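Peer 1: Mind folding the following:
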Amino acid sequence: MSAETTTTAAAAGPALETEALTVSYGRTRVIEELTLAVPRGSVYALLGRNGAGKSSLLRVLLGQRPPARGRVRLLGEDPWARRTSLMTRVGVVPEEPDAPPEMTPAQLSAFCARLHSRWNAPAVTERLRRFEVPAGRPFGRLSKGQKGAVMLALALGHSPELLLLDDPTLGLDVVARDAVFQEVIGDLADRGTTVFVSTHDLRAIEGIADHVAILHGGRLALAGPMEALKAERGLSLEQIFASVAGTRAADTPFTEARS
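Peer 2: All right, here's what the predicted structure looks like:
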């Protein structure tokens, strides 16, 4: 980003922030006292072992459940109170792609166009072409990787200010993974879109993200600018993750338990 863009983004405040956030399921706390700020225009990676609380955090960020305590803001607004209006400014790619199985990607795009006044159908079509997704094939007959590509194309169709990605490359081959992280996320960052991505793919995200946070046991173990953290410790992202979360990336399963 240019210095001017960076200054403007900083003046506008964080794209996403939590303050002393606690998330509970019954008597079980899955997130405790989490304070986090995601700068506008950044690519921010959220890392953590299974059960660390990443998916629970994303549910609260999306206004799908209220926090037990604390404060959450997306683009300056409370997602629990303002979810409907916020979703016109936020794009979401869930870990498990979900859409009516009989609808084709082209039909899904047309349906979404009726919900968003700023829908860019040609851009959706171009992304589907680039990801080699048959626009006329029913969603239920697509591979998991193709379904994920459809979710990503639809999430970007209304040019969101903030994009939330829940392990977007899960189940993708290397070529598709690189396309997501380099072509799409890189392009969005260049245009000032804020990207907040939960991922297990430490090696791929290390060259893309400019900020990183690591959750461990429901608490924030580490957060800050990627290169500054690596320089301070003289370690790679994978080595930092291992020292903080007590595991190597290769030991971390590629699914997260839903608490």
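Peer 1: which helices and strands sit right next to the helix ranked longest in the chain?
Peer 2: When the chain is parsed with DSSP state H, its longest helix is helix 144-155. Helices and strands touching helix 144-155, by 3 or more Cβ pairs under 8 Å, 6 or more residues apart in numbering; DSSP states H and E, are strand 90-93, helix 105-113, helix 121-130. Quick note: C-beta positions are derived from backbone N, CA and C, even for glycine.
Peer 1: mind listing what Ser109 touches?
Peer 2: 119, 121, 124-125, 153-154, 157 (Cβ atoms under 8 Å, 6 or more residues apart in numbering).
Peer 1: repeat that with 7 Å
Peer 2: Taking Cβ atoms under 7 Å, 6 or more residues apart in numbering, we find Ser109 in contact with 121, 124, 154, 157.
Peer 1: now the strands: where do they sit in the chain?
Peer 2: Remark: strands assigned in the chain by DSSP state E are 16-25, 28-38, 43-48, 69-74, 90-93, 162-166, 194-198, 211-216, 219-225.
Peer 1: Low-confidence bits of the stretch 101-250 of the chain, can you list those?
Peer 2: 183, 247-250 (pLDDT under 70).
Peer 1: re the thing from before, what's the angle from the longest helix of the chain to strand 162-166?
Peer 2: 160 degrees (axes from the mean of the first three to the mean of the last three Cα atoms, to 10 degrees).
Peer 1: what about the nearest residue to Leu222 once chain neighbours are set aside, distance to Pro97?
Peer 2: In this structure, Leu222 finds its nearest non-sequential neighbour in Ile214, 4.5 Å apart by Cβ to Cβ, 6 or more residues apart in numbering. To Pro97, Ile214 is 26 Å away according to Cβ to Cβ, to the nearest Å.
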